[in-house]
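# got a structure for you, letters missing:
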Ligand SMILES: *[C@@H]1O[C@H](CO)[C@@H](O)[C@H](O)[C@H]1NC(C)=O
């Protein structure tokens, strides 16, 4: 009898455990990514959804609020290799309480919401810390495929300290009576006493999304991550995209330019080749006709993705230049070439810098 009770208890416990595993949230579903999603895909999904579900954008919407919190927890776990491993094996229950529930939002967008607040406040007389603009070196590969870059920022944060400090200082007019009918007006600095603070540097991780097609000089803002102001709000931190020079490609708008040197033989009899693109895919080039120095080939859709619409891509321009053999040909070789090329002798003299003006 006793064993039967124990058995029942055991199955009951098992049932509870199974229930708990299933009660855990499906973080992959919350982020809308597959089980084998790469870190960049997880970051991308988080960033897109967090923007959409942020409470400031959905005031009073309980459902959106809850989804925003689930999203934060899902990102927190899946973006951390260790936690993700545990989660994949044991579900949310496998993670201890302290492991889930941070707020990754501000590392993507800065401290304050970027929807309301921010900009509008500038009209009011709230003092504001300086904006910081920092160059961010980005490769053409990153601008083609997109990437996430982590920057650790040491940000001074105001912490309470002993004593008081002068604050909210302003100039006021003070009228003093010097005698009958005689007044003197002076300007005076008047301040309040505020609790003292000291600036303590705090480490903070910022995640910058390099979006496909971003342009050189484009700025990427983090609201309220700039210089702090002891009596007001902090300024913004802006990263300025600085496109690095590339060995094979030059960018002009959404178009790419590359030069290819081919041999004189290839120029005459034709050739076939592959050019490795910025994401590693190959652009196949076939040419049957004769290629002359400076000949340009155009590959639509092989340029950079357009920033506003990633599905549209610019063009790739390939300019050929010919590597001529050096030295002298024998008399027989010369004869053979004359026979093959069937070209008359021709010499045209023209302005070396502005040929087209006189053409
Ligand atoms: C590529 O080819 C064009 C046209 O011949 C030429 O003007 C340009 O200087 C070349 N670029 C380089 C880097 O040599």
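Noted; the coordinates are in hand. None of these values were measured; they are calculated from a predicted model. Numbering: from 1, shown residues only.
# Residue of the stretch 1-150 of the chain closest to the ligand, please.
residue 140 (15.0 Å; CB to the nearest ligand atom). Placement of C-beta: from N, CA and C, glycine included.
# Next, the contact list for that residue, please.
By CB atoms under 8 Å, 6 or more residues apart in numbering, the contact set of residue 140 is 243, 244, 246, 249, 251, 278.
# OK, contacts around the last one?
Meaning residue 278. Residue 278 is in contact with 140, 141, 144, 145, 249, counting by CB under 8 Å, 6+ apart.
# I'd assumed residue 279 was in contact with the fourth one.
Yes - counting by CB atoms under 8 Å, residue 145 sits close enough to residue 279 to count as a contact (4.9 Å).
# Which one's more surrounded, those two?
residue 145 (15 against 10; other CB atoms under 10 Å).
# if I look at residue 281, how far off is residue 213?
Going from residue 281 to residue 213 by CB to CB, to the nearest Å gives 17 Å.
# Then residue 349?
Using CB to CB, residue 349 is found at 46 Å from residue 213.
# Leaving out sequence neighbours, find the closest residue to residue 131.
residue 235 (4.2 Å; CB to CB, 6 or more residues apart in numbering).
# That neighbour contacts residue 227, doesn't it?
Yes - between residue 235 and residue 227 a contact is recorded at 4.9 Å, counting by CB under 8 Å.
# Could you name every residue contacting both of those two?
Shared contacts of residue 235 and residue 227 (CB under 8 Å, 6+ apart): 129, 130, 131, 132.
# And the pLDDT at the third one?
Looking at residue 131, its pLDDT is 89.
# Does it touch residue 240 like I think?
No - the pair residue 131 / residue 240 is not scored as a contact, 11.5 Å apart, by CB under 8 Å.
# so what secondary structure elements neighbour the helix or strand that contains residue 242?
Element membership for residue 242, per DSSP states H and E: strand 237-243. Under the contact criterion of 3 or more CB pairs under 8 Å, 6 or more residues apart in numbering; DSSP states H and E, strand 237-243 touches strand 132-138, helix 140-145, strand 182-210, strand 219-222.
# Which stretch among these is buried most, on average?
Highest mean neighbour count among the helices and strands packed on strand 237-243 (mean count of other CB atoms under 10 Å): helix 140-145, with a mean of 20.
# Quick check: what element follows it along the chain?
Counting by DSSP H and E, the next helix or strand C-terminal to helix 140-145 is strand 147-179.
# same question for that following strand, mean pLDDT?
85.
# strands paired with it, and their directions?
Applying DSSP bridges, strand 147-179 is found paired with strand 182-210 (antiparallel).
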